[in-house]
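**Q** got a sequence here, can you model it:
(2 chains)
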There are 2 protein chains.
Amino acid sequence: MPTFSVFTDVPLAQKLEGSLLKTYKQDDHPNKMFLAYRVCLTNKGHPWVSLVVQKTRQQISQDPSLNYEYLPTMGMNSFIQASLELLFGKHSQVIMENRAGGVHTVGDSGAFQLGVQFLRTWHRDANIVYIISSQKEPHGLIFQDMGFTVYEYSIWNPKNLCLDPNMFLSMVEQIPSGSVLVIGNIIDCKLTKSQWAKLMSIMKSKRVFPFFDIPCQGFYTGNLEEDTRILQYFVSQGFEFFCSQSLSKIFGIYDEGVGILVVVAVSNQQLLCVLSQLIRFTQALWLNAPSTGERIITSILCNPALRRQWKHSLKEVVKNIMLIKEKVKEKLRLLGTPGSWNHITEQSGTHGYLGLNFQQVDYLVRMKHIYIPKNGWINFSCINANNIDYITQAISEAVFFTKGPEKYLPKHQK
Amino acid sequence: MPTFSVFTDVPLAQKLEGSLLKTYKQDDHPNKMFLAYRVCLTNKGHPWVSLVVQKTRQQISQDPSLNYEYLPTMGMNSFIQASLELLFGKHSQVIMENRAGGVHTVGDSGAFQLGVQFLRTWHRDANIVYIISSQKEPHGLIFQDMGFTVYEYSIWNPKNLCLDPNMFLSMVEQIPSGSVLVIGNIIDCKLTKSQWAKLMSIMKSKRVFPFFDIPCQGFYTGNLEEDTRILQYFVSQGFEFFCSQSLSKIFGIYDEGVGILVVVAVSNQQLLCVLSQLIRFTQALWLNAPSTGERIITSILCNPALRRQWKHSLKEVVKNIMLIKEKVKEKLRLLGTPGSWNHITEQSGTHGYLGLNFQQVDYLVRMKHIYIPKNGWINFSCINANNIDYITQAISEAVFFTKGPEKYLPKHQK
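**A** The predicted structure follows:
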């Protein structure tokens, strides 16, 4: 045995997240439920996958013309192009002018890891980042590990039970010059056009660098173009930005972790410089990004028939989630639960705030074995015909039986 | 347009490698050849893939019991276990004692990126790394980017045309205390058991931390156990170490980039601490490693019949490469090329030194359009029945027509 050990002083690391999931798993109550899964579930409770994916996967696995050689470090050209067109639209200004590009990234964190490494090296004035609370882990921690001071923000107004554009605006008004702003839920920002204009003007005057996060394009309104329209507005106003574009989630191949770090620059020349530096970082990070997910997605996006089927499947997901939300709201009303519960259907996407206070959440976890995060931000696709009665009954009880400040549940607020 | 741009001062990055490949691609000579591919080629010139992979891939794509949910951040347990058993043997001391573990890593660089991040944080005394020249790019650069001083070493003796264990030993004798030593080609080190013992004793006294790189277990001798036996010796001597274990290459699924950062600690307790910290880094790097490659490999390793077929296919690869080397040597002799050329068959694996000096290499590239790196380190699997005559004729010409120092080609040296 050596007298010397490198590992002697290494402590056990604190777990980032998953303690809720861990507690849930250890619970042996027959009715236990977990409403904070990261993936979108079907109404049978299985992880959702676009039907067209399975067919495409089989075709690819049987294609004799494919070999398994290394793909380009930055990703297949066709993949990058198809993804950029998805994000900005085929005929968008920024694509025509060759000012948008991207690099294939790996997993849920890859695009942030790559983007933050770049900013650390080439944008040294930026030391502060503002990130929405729900993304503090793990994306905020990536900034933190690289020396940024991380501030969390929230746009959920627990008093009025709504997503509050004014909270967003006043946060941006307070941001120090030269900060990075991670904008992670464009649709739920609920800003009007003039509010966006005001926001951009503040950001420009303070030289705030926008870092968008688009994890589920299409899952908000069911309309791919609608979900990212604001990006084009930023482009038209001459902004440079990064965007973490995740593609695996919207095809339901979560385990493939396919993403892109999208770059918008003011000219093609600058874009090429930025991309060349990103490739340099990518070579150190993983050198070759795995290809299966990239191939499946490219095959679907580049084939009009498959693409149509996929778009249809996205719409179905959104329709299903809206239906669940409507039902939850209706059942809560039928149970005579105080409050309007309109806020449930006013939020887009799979995830949203239930609008419960800490005590009510605690009641659900401890008394009803329904596991949800402290802020009450849940994945609505975890609710289905089998568990909706138990869940709504439990929420109703939680509201009746806990002493929450009554003002947290305004009646029929619009 | 904004008055301010983050990207203004970003220069075009220098390309790491691939300039040889680029020149090759731009060359329009009909006989041009590239002998430095990273992947193993079949004798038809296609990237080699184990036949059993294709079958397994199709089975997986049709398996209705699989979903595409996120897999564990550290990798599937069955995958890690099967890979560790491959590396150390099922009944090895280190597995029995629960002192070896690993984390699923992505691409060719992932395991190094993760390991170096760990060393930077938890082994701050280490500032110097020794790495074999052929791995300077990109692995050496990962160390460099994280503040290490990187020294290259070589064990190829161009005078005697052999892999020289004494060069390795004298390098280790000169290493400063507390350095990291990347050992990347165990089999080609050609150390005797007593030389290994001496080396380990020096490493211990200098507290040198070993970081092994096993990119192609089985591709050296054709025997999986034989190729990594020395790791067990290090284990038995009480060493802690890291090992970058690449699995995709030995299955021929280069584009899946499946690897593991293997950790050997002195106790299970320390191992768990190290793994917990590695997972923390992994969450920032990619959070979820893609699964297709992991699933294919695990399916094969855990199924005795598939595993047998795969092992057989590895043996065939090695047999084929040996045959090519024998033929190259024989043809060079028949052409009356000065020198014994035994060094070609004395090297293991796909890659090896041709034993040419810079002038001779330059002759091959410029006059014969045969693209090989300056040090003459080529991928022998790029040579096949269709190009062997042209290549050996060209080498022979290069030796005859250039004025290299004659001593570089000793006659019938053993």
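**Q** phi first, then psi, for residue A:351.
**A** Torsion angles at residue A:351 (phi, psi; degrees, to the nearest 10) stand at phi -100, psi 150.
**Q** for it, give the beta-bridge partners.
**A** Note on residue A:351: beta-bridge partners by DSSP bridges are residue A:379.
**Q** shouldn't it be in contact with residue A:379?
**A** Yes - assessed by CB atoms under 8 Å, residue A:351 is found in contact with residue A:379 at 5.3 Å. Just so you know, the C-beta spots here come from the backbone N, C-alpha and C atoms, and that holds for glycine as well.
**Q** in terms of neighbours, single out the busier of those two.
**A** residue A:351 (24 against 20; other CB atoms under 10 Å in any protein chain shown).
**Q** so, low pLDDT: which residues of the stretch 301-414 of chain A?
**A** A:403-414 (pLDDT under 70).
**Q** in it, which spans are helices?
**A** In the stretch 301-414 of chain A, the helices defined using DSSP state H, counting those that start in this stretch lie at A:304-334, A:342-346, A:358-368, A:388-401.
**Q** so for residue B:122, which of the ones you listed sits nearest?
**A** If you check each of the helices of the stretch 301-414 of chain A against residue B:122 by CB to CB, helix A:358-368 wins as the nearest, at 35.5 Å.
**Q** can you tell me what sits against the closest one?
**A** Helix A:358-368 has contacts (CB atoms under 8 Å, 6 or more residues apart in numbering or on different chains) with A:31, A:354, A:356, A:370-376, A:390, A:394-395, A:397-399, A:401-404.
**Q** residues of it that come out buried?
**A** A:359-361, A:363-365, A:368 (16 or more other CB atoms under 10 Å in any protein chain shown).
**Q** domains for chain A, by residue range?
**A** Segmentation of chain A into domains, based on automatic domain parsing, reads A:19-47+A:315-408, A:53-302.
**Q** where does the stretch 1-150 of chain A dip in pLDDT?
**A** Checking the stretch 1-150 of chain A against pLDDT under 70 turns up A:1-4, A:16-18.
**Q** which residues touch whichever residue of it sits closest to chain B?
**A** Using CB to the nearest CB, the closest approach of the stretch 1-150 of chain A to chain B is made by residue A:107 at 3.1 Å. By CB under 8 Å, 6+ apart, the contact set of residue A:107 is A:257, A:259, B:106, B:285-290.
**Q** pretty sure residue A:231 is in a helix, no?
**A** Yes - secondary structure assignment places residue A:231 in a helix (DSSP: H, G, I helix; E, B strand; the rest coil).
**Q** residue A:20 touches residue A:36, doesn't it?
**A** Yes - counting by CB under 8 Å, residue A:20 touches residue A:36, with 6.2 Å between them.
**Q** who touches both of those two?
**A** A:371-373.
**Q** check these against chain B, which are close?
**A** Among those, not one lies near chain B by CB under 8 Å from any CB of the partner chain.
**Q** neighbour count added to these, as JSON lines?
**A** Shown next, in JSON lines, are the shared contacts of residue A:20 and residue A:36 (neighbours: other CB atoms under 10 Å in any protein chain shown):
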{"residue": "A:371", "neighbour count": "22"}
{"residue": "A:372", "neighbour count": "24"}
{"residue": "A:373", "neighbour count": "15"}
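**Q** ok, now which ones touch whichever residue of the stretch 151-300 of chain A sits closest to chain B?
**A** Closest to chain B within the stretch 151-300 of chain A is residue A:286: 3.1 Å, counting by CB to the nearest CB. For residue A:286, the contacting residues are A:106, A:110, B:106-110, B:113, B:257, B:286, by CB under 8 Å, 6+ apart.
**Q** against chain B, how distant is residue A:356?
**A** The gap separating residue A:356 from chain B is 26 Å, by CB to the nearest CB, to the nearest Å.
**Q** can you tell me the closest non-neighbouring residue to that residue?
**A** Leaving aside its chain neighbours, residue A:356 sits nearest to residue A:376 (4.3 Å; criterion: CB to CB, 6 or more residues apart in numbering or on different chains).
**Q** hmm, back to that, and the helices of the stretch 301-414 of chain A as CSV, adding distance to residue A:51?
**A** Output for the helices of the stretch 301-414 of chain A, formatted as CSV (distance: least, CB to CB, whole Å):
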stretch, distance to residue A:51
helix A:304-334, 6
helix A:342-346, 27
helix A:358-368, 34
helix A:388-401, 25
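**Q** report pLDDT for the residue sitting nearest the centre point of chain A.
**A** Closest to where the C-alpha atoms of chain A average out (CA atoms, centre = their mean) is residue A:215, at 3.8 Å. Confidence at residue A:215, expressed as pLDDT, is 94.
**Q** phi, psi of it?
**A** According to degrees, to the nearest 10, the main-chain angles of residue A:215 amount to phi -80, psi -30.
**Q** quick check: it touching residue A:246?
**A** Yes - contact status for residue A:215 versus residue A:246: in contact at 4.5 Å, counting by CB under 8 Å.
**Q** list residues touching both of the two?
**A** residue A:108.
**Q** follow-up on the earlier one: out of the contacts of residue A:286, who's nearest residue B:312?
**A** For those, the nearest to residue B:312 is residue B:257 (24.5 Å; CB to CB).
**Q** give me the neighbour count for that closest one.
**A** By the measure other CB under 10 Å, the count of residues near residue B:257 is 28.
**Q** which one is it nearest to, not counting chain neighbours?
**A** residue B:107 (3.8 Å).
**Q** so which bits of the helix or strand that residue A:56 is a member of are buried?
**A** In this structure, residue A:56 sits in helix A:51-61 according to DSSP states H and E. Of all the residues in helix A:51-61, those buried under the rule 16+ other CB under 10 Å are A:52-57, A:60-61.
**Q** overlap between those residues and the residues near chain B?
**A** Restricting the buried residues of helix A:51-61 to those near chain B - CB under 8 Å from any CB - leaves A:53-54, A:57, A:60-61.
**Q** re earlier: in TSV, list the buried residues of helix A:358-368 along with distance to residue B:220.
**A** As requested, the buried residues of helix A:358-368 are arranged in TSV below (distance: CB to CB, whole Å):
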residue	distance to residue B:220
A:359	64
A:360	63
A:361	58
A:363	62
A:364	58
A:365	55
A:368	59
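**Q** residue A:309: which of these is nearest?
**A** Nearest to residue A:309 among those is residue A:364, at 38.2 Å by CB to CB.
**Q** count of neighbours near the nearest residue in space to residue A:292 that is not next to it in sequence?
**A** Residue nearest to residue A:292 in three dimensions, not counting chain neighbours: residue B:292, with 3.9 Å by CB to CB, 6+ apart. As a burial measure, residue B:292 scores 26 neighbours (other CB under 10 Å).
**Q** what of residue A:293?
**A** Residue A:293 has 28 nearby residues by other CB under 10 Å.
**Q** was I right about it contacting residue A:253?
**A** Yes - with contacts counted by CB under 8 Å, residue A:293 reaches residue A:253, the gap being 5.5 Å.
**Q** now the residue of the stretch 151-300 of chain A closest to chain B. Nearest residue, chain neighbours left out?
**A** Nearest residue to residue A:286, sequence neighbours excluded (CB to CB, 6+ apart): residue B:107, at 3.1 Å.
**Q** may I have the phi/psi pair for the one you found?
**A** According to degrees, to the nearest 10, residue B:107 has phi 70, psi -170.
**Q** if we can go back for a sec, got the buried residues of helix A:51-61 as CSV, with distance to residue B:155 columns?
**A** Output for those, formatted as CSV (distance: CB to CB, whole Å):
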residue, distance to residue B:155
A:52, 52
A:53, 48
A:54, 50
A:55, 51
A:56, 47
A:57, 44
A:60, 42
A:61, 41
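**Q** if I look at residue A:382, how far off is residue B:44?
**A** Distance check for residue A:382 against residue B:44: by CB to CB, to the nearest Å, it reads 51 Å.
**Q** which one of these two is surrounded by more residues?
**A** residue A:382 (23 against 9).
**Q** you'd agree that one is up against residue A:33?
**A** Yes - using CB under 8 Å, residue A:382 is in contact with residue A:33, at 7.3 Å.
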